[in-house]
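Asker: model the structure of this input:
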Amino acid sequence: MNDNPTLKTAPLRWADSMMIYLSPSSLRMLALGFAAGLPLLLVLGTLSFRLREAGINRATIGFLSWVGLTYGLKWAWAPLVDRLPLPLLTGLLGRRRSWLLLAQVCVIAGLLGMAFSNPQVSLTPLVGFALLTAFGSATQDIALDAFRIESAQARLQAVLAASYQTGYRLGMIWAGAGVFWIAAKAETVGLPIGTYQDNAWAVAYATMAVSMAVGMVTVWFSKEPLHVDLPPAHGVREWLQVAVIAPFAEFVRRYRWHAVLLLALIGTYRISDIVMGIMANPFYVDMGYSKEEVATVSKLYGVVMTLVGAFIGGSMVLRWGVMKVLMIGAVLSIFNNLLFAWLALHGHDVYALIAVISTENLGSGIASAAFIAYLSSLTNVQYSATQYALFSSLMLLLPKFLAGFSGVAVDAAGYAWFFTGTAMLGVPVLLLVWLASRFHSSGD
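Answerer: Residues are numbered from 1 along each chain as shown. Sure, this is the predicted structure:
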C-alpha cells in the first residue's frame, strides 16, 4: 500500500525523495529491519570474535561460518512461508505477520540458548542454538521480504529497501557495538586483558534476545499487506506444483535464457564482501584491537557510514536507475577489500582503521540498497516470498560456502593476500553487471 500516492510522478526533487523516508511504510520497515539485522552478526561476525577470544582456531571458525548457509538455503522452505497458514496465528494476524511473529520467537529462543552455552566447554550446544537462531532469522527474512514487496508500488521499493537497510544496520550496530560494550562492562575487573569471560558474553547475548521485542511489537501493530489471491491447490502433488515449481518456472519463462545471466549476477554480486567478512573479526583480534575499539570504530562508526550509504544509494536509484548504481557498488567492493589488504600490512592503527571502515561501509550501503531494489524488481508479486527467497539465497550460497575455507586461506597466505584474493573475486561481477545492464536497456 502506498502511503503517499501523490509522489508517483517523476522526476522527483532530492528533497521530495528524502521526505518519502518519513512515510508510515518506510518507518515500519525501519523497525522491522532492526529485527532482521540483529541476529545476523550474533551467529556470524560477533560470534567469530567471541570464538577467537575463547581460543578457537581460525580454521574452525571459518568452517563454523557454514551456519550462515541456512540463509542460502531458505528458498527450500520459502514456499511454506508463502502459502502455509499457521494455526490460530494466521487467522489473527494474517499470512505475512503470523510467519514474522513465529520466526522472531525462534530467534529469541536461539539467542537465549547461545547466551548460556560456553564454547570452551563444548561447541556443540552453541552451534545448535546458532542454527536455530539462523533458521528463525532466515524465516523472518522470507516473510519480511514478501511483506516489504507487497506493501508498496515498485517505484518506492528502493526507498523501502533503504529504510530496511537503515533499520538492518541499526540492528547490526546493537548486535555489534552493543554486544561488545555490554560484554566489556559485564567482565570481572582485575583479570588479565584478553581473558575469555563467558559470563560477560551470556549477559550480552541475553540482552540481544530481549531486544527482539522491537520487531514483535512492530509486527503486532502493523497492518497486513493487501492480500494477493493465489491459485488454489488440491492435494500434495498439486500444492508442490503451485507453491514450489510454479514460482521458479515463472521466472524462467519471463526472462528465458537471460535468466541464467540474472541468476549468475545475483549469485556473485556480494561475493567479495561476504567471503572477506568472516575473517574480519578474527583479524581485529589478531591485530590487537580491543573490544572497545572494535565496538566504536567497526560496529558503530562503520555502520553509521553504511546507513549514510544506504540513504544515498536509495536516492541514487530513484534518480539514475538501479543498474548504474549496481556497477558503482561492484567497483567499490573491489576497492574496499584492497584497503583491508593495505591495513593488514600497515599494522595496528585506530585512525587507519577508521579510514578503511568509513570507505568500506559507505560503499557497502550504496551497493546493498541498489541490490535489494534490483532483486525486488525481478519478482512477481504472486510469488513474492518464494522468488525473493530464491534470489537472496543465491546471493549467499556460493559466497558462504567459499567463506567456510577463509580461515584455512588466512593460515596459508596471511591476511594481506587473503584480502587481495577476495577483492579479485569481484572482478567477474563487473562483466555480469555490464551484460545485465545491456539486457535491461534493450527491454528484452
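
Asker: buried ones in stretch 352-368?
Answerer: For stretch 352-368, the neighbour count (16 or more other C-beta atoms under 10 Å) marks 353-354, 356-368 as buried. C-beta here means a position set from N, CA and C on the backbone, and glycine is covered the same way.

Asker: wait, I meant stretch 252-267
Answerer: Going by 16+ other C-beta under 10 Å, stretch 252-267 has these buried residues: Y255, H258, L262, L263, A264, L265, I266, G267.

Asker: strands - which of these land there?
Answerer: Among the buried residues of stretch 252-267, DSSP state E puts none in strands.

Asker: narrow the residues you listed to those in helices?
Answerer: Y255, H258, L262, L263, A264, L265, I266, G267 (DSSP state H).

Asker: mind listing what the fourth one touches?
Answerer: Neighbouring residues of L263 by C-beta atoms under 8 Å, 6 or more residues apart in numbering: L394.

Asker: of the buried residues of stretch 352-368, which is the nearest to S137?
Answerer: Ranked by distance to S137 (C-beta to C-beta), the buried residues of stretch 352-368 are led by S368 at 16.8 Å.

Asker: what is the mean pLDDT for the helix or strand where A202 lies?
Answerer: Using DSSP states H and E, A202 maps to helix 198-211. In this model, helix 198-211 has a mean pLDDT of 94.

Asker: buried residues in the helix or strand following that helix?
Answerer: Using DSSP H and E, the next helix or strand after helix 198-211 towards the C-terminus is helix 213-221. Under the neighbour-count criterion of 16+ other C-beta under 10 Å, helix 213-221 has V214, G215, M216, T218, V219 buried.

Asker: backbone phi and psi for the residue of the chain most remote from its centre, please?
Answerer: The centre of the chain is farthest from one residue, G190, which by C-alpha atoms, centre = their mean lies 37.6 Å away. Note on G190: its backbone torsions stand at phi 100, psi -10 [degrees, to the nearest 10].

Asker: got it, and M279?
Answerer: In terms of degrees, to the nearest 10, the main-chain angles of M279 are phi -90, psi 0.

Asker: all helices for the stretch 301-444 of the chain, in order.
Answerer: Ranges of helices within the stretch 301-444 of the chain are 302-320, 322-346, 350-377, 384-403, 406-413, 415-424, 427-442, based on DSSP state H, counting those that start in this stretch.

Asker: how far off centre is the longest one?
Answerer: The reference is to helix 350-377. Chain-centre distance of helix 350-377: 12 Å, with C-alpha atoms, centre = their mean, to the nearest Å.

Asker: show me what that helix is packed against.
Answerer: helix 157-173, helix 302-320, helix 322-346, helix 384-403 (3 or more C-beta pairs under 8 Å, 6 or more residues apart in numbering; DSSP states H and E).

Asker: tilt between the helix or strand immediately after the shortest one in the chain and helix 157-173?
Answerer: Later in the chain than helix 157-173, the nearest helix or strand by DSSP H and E is helix 179-186. Here the directions of helix 179-186 and helix 157-173 differ by 20 degrees (axes from the mean of the first three to the mean of the last three C-alpha atoms, to 10 degrees).
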